[in-house]
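Chemist: Here is my input; please provide its structure:
(one chain, ligands or ions: 1)
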Amino acid sequence: MTGTPGATASRDNEAAERSPPCSPSYDLTGKVMLLGDSGVGKTCFLIQFKDGAFLSGTFIATVGIDFRNKVVTVDGVRVKLQIWDTAGQERFRSVTHAYYRDAQALLLLYDITNKSSFDNIRAWLTEIHEYAQRDVVIMLLGNKADVSSERVIRSEDGETLAREYGVPFLETSAKTGMNVELAFLAIAKELKYRAGQQADGPSFQIRDYVESQKKRSSCCSFV
Ligand SMILES: Nc1nc2c(ncn2[C@@H]2O[C@H](COP(=O)(O)OP(=O)(O)OP(=O)(O)O)[C@@H](O)[C@H]2O)c(=O)[nH]1
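Modeler: Below is the predicted model of the structure:
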C-alpha cells in the first residue's frame, strides 16, 4: 500500500468509521467508474483499494458491472466513493455505456506489459467523450507497474498520452498497492472541490496535485 498520504487516509477512514451511529457517515458522494481492456487489472485495483488485498491466481473476467463503496476523508470532508467495476470485454460494452452518463470520474487503465491495452486507450477516450458527461474527471493509469521485467510501455509514453488529453497520469500496481490510494484520493479531492466550488474561490488542479504527490512518493519510499 502507499506510504505517507495513504497512512493519513487510513487514519481518516478509521476515524470516519468511529463516528457516532446517528451522524451521517459521509458528506458527499461521487460515482467513479473503472474502465479499460479486459485483464488490465480493474477488479484487482478496486479490491486493493477497498480491502487492501490482491487477488492472484486464475483470472476470472468480470461479467457486466459491479460496484463497491468506500468512504475517504479529504481535508475534513467525508466523500463516499461509489466505485463501479466494468467488464473490459467488448461484448459487454453496450451494458457499460449506459452507466457512463452519471459518472463523475473515470479511471482509465492500461497494462504496462500489454501494448494493445495501451493502444486502445484512444478508442476508450473516444467512447468516453461520446457517452460520459462533458466535465467528467478522467485519470489515466498504467497498471501492473510491479512487473518491470515484462514492461513494454514506457512511463514517458503514458505521460505523453495523458498530457495530450490533459488528464492526470499515474503508474500503479494493484498487486503492491502502489499509487492505488493516491488515485482515489485525488478523485475525491477533485469532487470535494467541485461540490464547494465558488466562482471566485481558489482552484484545485488535479494534475498538479497528482504530480506533487508522485514527487513525494519518489523521494520518500512512498511505494
Ligand atoms: N502483477 C500484477 N498482476 C495484476 C495486477 N493487476 C491485476 N493483475 C492480474 O491481472 C489479471 C487480470 O486482473 P483483473 O483485475 O481481473 O482484470 P480486469 O481488468 O478486471 O478484467 P475484466 O474483468 O475482464 O475487465 C489477474 O490475473 C490479476 O491477478 C497488478 O497490478 N500486477
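Chemist: which residues are contacting stretch 73-85?
Modeler: Outside of stretch 73-85, the residues that reach it under the criterion Cβ atoms under 8 Å, 6 or more residues apart in numbering are 9, 12-13, 15-16, 25-34, 42-43, 46, 49-50, 62, 65-72, 99, 103, 184-185, 187-189, 191-192. C-beta coordinates here come from the backbone N, C-alpha and C atoms, glycine included.
Chemist: What of stretch 41-51?
Modeler: Under Cβ under 8 Å, 6+ apart, the answer for stretch 41-51 is 1, 34-36, 53-55, 62, 68, 70, 83, 85-86, 88, 107, 109, 111, 141, 143-144, 172, 174-175, 177, 180-181, 184.
Chemist: Now the buried members of the contacts of stretch 73-85.
Modeler: Applying 16 or more other Cβ atoms under 10 Å to these, the neighbour count classes 9, 12-13, 16, 26-27, 30-34, 42-43, 46, 49, 62, 65, 67, 70-72, 99, 103, 184-185, 187-189, 191-192 as buried.
Chemist: among the residues you listed, which are in reach of the ligand?
Modeler: Lys42, Thr43, Thr62 (Cβ under 6 Å from any ligand atom).
Chemist: Can you lay out those residues as JSON lines showing secondary structure?
Modeler: As requested, those are arranged in JSON lines below (DSSP: H, G, I helix; E, B strand; the rest coil):
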{"residue": "Lys42", "secondary structure": "helix"}
{"residue": "Thr43", "secondary structure": "helix"}
{"residue": "Thr62", "secondary structure": "coil"}
